[in-house]
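Trainee: show me how the following folds:
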Amino acid sequence: MDSQSSLFSRSGGKIPAKLAASEMLRRFNGLNWATTSLGALDGWPDALKAACRMLLASPIPMALLAGRDGIMLYNDGYIAIAGGRHPDCFGASVLSAWPEVADFNADIIGRVFAGESLSFEDQEFTFHRNGMAENVWLDLDYSPILDDDGSTVAVLALVVETTKRVTAEQELAHSREQLSLALGSSAVVGTWDWHVPEDRVYSDEKFAQLYRVDPKVARHGAPIADFIRTIHPDDVQQVGGAMQNAMQTGGRFSKEYRLVQEDGSIKWVLAEGQPLIDEHGTCIRFPGVSVDITAQKEALEAHARSEIGFRTLADAMPQMVWSTLPDGFHDYYNARWYEFTGVLEGSTDGEGWNGMFHEEDRERAWATWRQSLQTGEAYQVEYRLRHHSGVYRWVLGRALPIRNDSGGIIRWYGTCTDIHDTKMVQAEREIVAHELSHRIKNIFSVLSGIISLSARSAPESRGFADLLRKRIEAMGRAHDFVRPHSRTSRPVDLETSIFGLTQRLLEPYGLEDMESRIIFAGDDTVIGDSAATPLALLLHELATNSAKYGALSHAGGRLAIAGRHDGENYVLEWKESGNEIAVRQPDQEGFGSRLMRISVEGQLGGQFHRQWDEDGVRVHVTVPLASIVRSSKLAARP
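Mentor: Reported below is the predicted structural model:
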């Protein structure tokens with residue numbers, strides 16, 4: 001390049017080394033300016049050349065927009081701003097080099113050439129300088145470059161990119177906004193910052209109000225004494241000592257204490273802070289936050305009162321009370337448990353109480369407990385528990401689950417009730433009942449024997465004696481249904497029901513084909529001990545008459561017995577068929593008929609109807625269910 005085409009044609013090569021190494025000076029000297037709208041370099045105004053020298057020598061990002069086309073001339077500092085558009089934009093019109101901001105640059109060129117100087121701070125643009133859209137912020141200063149005659153030949157642009165600072169400030173502002181929202185919606189009372197050397201505490205409005213300090217004063221700083229005076233007198237010394245210790249050691253400060261409000265009420269706060277210590281070990285700042293924990297404190301106190309109340313009530317109960325975690329881990333027993341068992345406190349926690357069961361009851365009790373844990377069903381079982389005397393006593397164990405709002409089990413609460421004495425009394429009662437029942441059975445046998453012996457001495461009364469003896473035997477069979485049985489005395493397959501009683505009363509007639517000739521259908525029902533005797537007399541009379549004169553007196557006869565529930569009543573139908581001789585209604589009601597009617601209507605409060613069909617008798621009995629299932633036994637104590 002000849003000397004006339006260089007910005008430093010008279011330097012003789014003596015330009016500063018840094019400038020000589022400039023990339024943009026090399027590109028400037030290498031560009032054929034004659035091909036641009038500016039023309040050859042030697043024809044440029046001196047003012048434009050001087051501006052180019054100043055621009056290339058400056059470290060500040062600068063650009064010249066020369067001529068009305070805004071031909072771009074820029075220095076090394078501007079390369080980073082140009083990004084991927086460097087070096088193609090060098091020597092090109094700014095309007096085509098930056099098409100996304102062409103309108104902005106055209107306006108700038110027009111206004112500066114009209115004599116204006118312009119400045120923009122943190123001007124936002126959307127650039128595509130690196131192949132993709134990006135938001136960019138710039139500080140811009142635009143000034144005219146004037147020729148000797150005062151005309152504008154170019155626009156000088158000082159460009160400083162502030163994107164990093166602006167985005168950082170935006171992120172900080174967003175973080176502060178989020179922090180403010182978090183503080184406002186949480187239990188955090190507020191923040192403080194104690195500048196220790198100046199003794200000025202700066203705080204937000206919430207913190208100041210809680211400590212009864214004017215928020216305007218607190219915002220500009222108030223002595224720490226103004227805040228400490230609100231602390232409860234009983235807590236001041238502890239709080240002050242904890243703060244001094246943190247300031248001396250640099251350790252974290254954390255303290256719960258009370259604040260006395262203007263109306264005399266108390267608020268609890270949790271204050272936490274971290275003192276800042278300089279290189280000399282002096283605390284220069286002490287920032288922190290305070291959290292209002294009044295609600296939590298009140299809840300804890302209420303829970304503690306409830307827990308004390310529960311334990312007091314549990315210890316006052318005569319039953320042993322215990323509780324477990326959801327998985328069945330035993331973690332609480334009341335005083336009655338330790339008094340009964342005599343074990344050391346805590347020794348039966350977890351599965352430790354397994355050893356308290358009688359070995360014959362252990363697996364059964366644990367199987368029931370595991371079933372309750374798996375299903376959430378109520379737990380109830382009787383077992384023998386070792387007493388502090390060393391003997392095993394019967395207890396009734398019960399437990400129910402406590403559930404949360406979603407139905408999950410959160411605890412089990414249970415009791416153990418000593419029922420040993422009741423068990424023993426019940427066992428004694430059963431022995432006495434068995435003995436009495438056995439003697440009653442013997443009385444039936446003795447009566448039958450007396451009747452048989454009496455009939456031998458009076459042959460003319462033998463028929464009556466046989467009827468009486470069979471009725472007594474029927475009552476004896478009914479007694480088998482209601483009397484207490486031991487394992488050895490209980491008849492095999494004994495069913496305390498109407499169908500079962502009927503089958504038992506029909507057995508003496510020795511019907512080999514009973515199953516084919518006698519059909520049971522419909523609903524059966526259980527018999528209470530109060531109804532057993534009148535029902536036995538009714539069914540015995542029906543069976544005797546049938547065996548003597550009716551369907552069971554010959555091979556072709558059939559008997560159908562049907563039962564059904566009709567609301568609060570039980571209906572029994574006795575239907576005989578297949579009689580060889582037509583059955584007729586008797587002229588007058590005999591003793592047996594009166595006995596059946598008295599049994600049903602007098603003793604059971606029901607209705608008794610009988611009719612004679614051509615092929616057999618039909619009996620229709622309606623009895624209240626309450627009369628059938630009624631028991632005369634005293635209910636057992638739980």
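
Trainee: what's the closest non-adjacent residue to Y257?
Mentor: With C-beta to C-beta, 6 or more residues apart in numbering as the criterion, Y257 has its nearest non-adjacent residue at 4.0 Å, and that residue is D235. Quick note: C-beta positions are derived from backbone N, CA and C, even for glycine.

Trainee: got a pLDDT number for that neighbour?
Mentor: Predicted confidence (pLDDT) for D235: 94.

Trainee: break down the stretch 151-300 of the chain into its strands, ranges please.
Mentor: In order along the chain, the stretch 151-300 of the chain carries the following strands (DSSP state E, counting those that start in this stretch): 152-161, 188-195, 200-203, 253-260, 266-273, 276-277, 283-292.

Trainee: so which of the ones you listed is nearest E100?
Mentor: Put simply, out of the strands of the stretch 151-300 of the chain the one that sits nearest E100 is strand 152-161, at 16.0 Å, with distance taken as C-beta to C-beta.

Trainee: partners of that closest one in the sheet?
Mentor: Neighbouring strands of strand 152-161 in its sheet, by DSSP bridges, are strand 62-66 (antiparallel), strand 134-146 (antiparallel).

Trainee: now do that strand: distance to the chain's middle.
Mentor: Relative to its parent chain, strand 152-161 has a centroid offset of 68 Å by C-alpha atoms, centre = their mean, to the nearest Å.

Trainee: domain ranges for this structure?
Mentor: Taking automatic domain parsing as the criterion, the chain consists of the domains 3-167, 187-298, 317-418, 426-629.

Trainee: still on that earlier bit, export the strands of the stretch 151-300 of the chain to JSON lines and tack on mean neighbour count and distance to V343?
Mentor: Listed next are the strands of the stretch 151-300 of the chain as JSON lines, based on neighbours: other C-beta atoms under 10 Å; distance: least, C-beta to C-beta, whole Å:
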{"stretch": "strand 152-161", "mean neighbour count": "21", "distance to V343": "80"}
{"stretch": "strand 188-195", "mean neighbour count": "20", "distance to V343": "48"}
{"stretch": "strand 200-203", "mean neighbour count": "21", "distance to V343": "57"}
{"stretch": "strand 253-260", "mean neighbour count": "18", "distance to V343": "38"}
{"stretch": "strand 266-273", "mean neighbour count": "18", "distance to V343": "40"}
{"stretch": "strand 276-277", "mean neighbour count": "16", "distance to V343": "55"}
{"stretch": "strand 283-292", "mean neighbour count": "18", "distance to V343": "44"}
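
Trainee: quickly, which of those strands bottoms out on average pLDDT?
Mentor: Comparing the strands of the stretch 151-300 of the chain on mean pLDDT, the least confident stretch is strand 188-195, scoring a mean of 83.

Trainee: can you list the strands that that one pairs with?
Mentor: Paired neighbours of strand 188-195 in the sheet (DSSP bridges): strand 200-203 (antiparallel), strand 283-292 (antiparallel).

Trainee: could I get those strands as TSV with distance to A626?
Mentor: Formatted as TSV, the strands paired with strand 188-195 follow (distance: least, C-beta to C-beta, whole Å):
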stretch	distance to A626
strand 200-203	80
strand 283-292	65
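
Trainee: for L19, which of those strands is the nearest?
Mentor: strand 283-292 (46.9 Å).

Trainee: OK, contacts around V381?
Mentor: With contacts defined as C-beta atoms under 8 Å, 6 or more residues apart in numbering, V381 is in contact with R364, A365, T368, W369, L396, G397.

Trainee: ok, so of these, who is nearest A106?
Mentor: Distances from the contacts of V381 to A106 were compared by C-beta to C-beta; the smallest belongs to W369, at 88.4 Å.

Trainee: phi and psi next, for that closest one.
Mentor: Phi and psi for W369, reported as degrees, to the nearest 10, are phi -70, psi -40.

Trainee: hmm, it is touching G328, no?
Mentor: Yes: counting by C-beta atoms under 8 Å, W369 does reach G328; the two are 6.8 Å apart.

Trainee: let me see the ranges of the helices in the stretch 401-550 of the chain.
Mentor: Taking DSSP state H, counting those that start in this stretch, the helices of the stretch 401-550 of the chain run over residues 420-457, 462-482, 498-506, 514-517, 529-548.

Trainee: of the ones you listed, which shows the lowest average pLDDT?
Mentor: Mean pLDDT per stretch puts helix 462-482 lowest among those, at a mean of 62.

Trainee: tell me which residue is most central in this protein.
Mentor: Computing the C-alpha centroid of the chain and ranking residues by C-alpha atoms, centre = their mean puts S406 first, at 4.5 Å.

Trainee: which residues touch that residue?
Mentor: By C-beta under 8 Å, 6+ apart, no residues touch S406.

Trainee: per-residue confidence at it?
Mentor: Reported pLDDT at S406 in the predicted model: 89.

Trainee: roughly how far apart are G567 and H174?
Mentor: Using C-beta to C-beta, to the nearest Å, one gets 76 Å for the distance from G567 to H174.

Trainee: again with W394
Mentor: W394 sits 71 Å away from H174 when distances are taken as C-beta to C-beta.

Trainee: quick one, which of the two is more surrounded?
Mentor: Between W394 and H174, counted using other C-beta atoms under 10 Å, W394 has the larger neighbour count: 19 against 10.

Trainee: for stretch 81-91, buried residues please.
Mentor: Using 16 or more other C-beta atoms under 10 Å as the test for burial, stretch 81-91 gives I81, A82, R85, H86, C89, F90, G91.

Trainee: what is the nearest of these to W137?
Mentor: Proximity of the buried residues of stretch 81-91 to W137 was ranked by C-beta to C-beta; the top entry is I81 with 11.6 Å.

Trainee: wait, that closest one touches T162, no?
Mentor: No: in this structure I81 lies outside contact range of T162 using C-beta under 8 Å: 11.3 Å.

Trainee: identify the contacts common to these two.
Mentor: Taking C-beta under 8 Å, 6+ apart as the contact rule, the neighbours common to I81 and T162 are L138.

Trainee: next, the angle strand 266-273 makes with the strand or helix carrying A302.
Mentor: Using DSSP states H and E, A302 sits within helix 294-316. Relative orientation of helix 294-316 with respect to strand 266-273: 120 degrees, computed using axes from the mean of the first three to the mean of the last three C-alpha atoms, to 10 degrees.

Trainee: distance from helix 294-316 to the middle of the chain?
Mentor: Computed by C-alpha atoms, centre = their mean, the chain-centroid distance of helix 294-316 equals 23 Å.

Trainee: got the contact list for that helix?
Mentor: Here helix 294-316 makes contact (C-beta under 8 Å, 6+ apart) with A187, I266, K267, W268, V269, V321, N334, A335, R336.

Trainee: at 7 Å what do you get?
Mentor: K267, W268, V321, N334, A335 (C-beta atoms under 7 Å, 6 or more residues apart in numbering).

Trainee: hey, what's the second one bridged with?
Mentor: Same thing as W268. Under the criterion used (DSSP bridges), W268 bridges to R258.

Trainee: contacts only, for it.
Mentor: E256, R258, I293, T294, K297.

Trainee: just confirm the first one contacts L270, I think it does.
Mentor: Okay, so that is E256. Yes: here E256 reaches L270: they are 5.1 Å apart, a contact under C-beta atoms under 7 Å.
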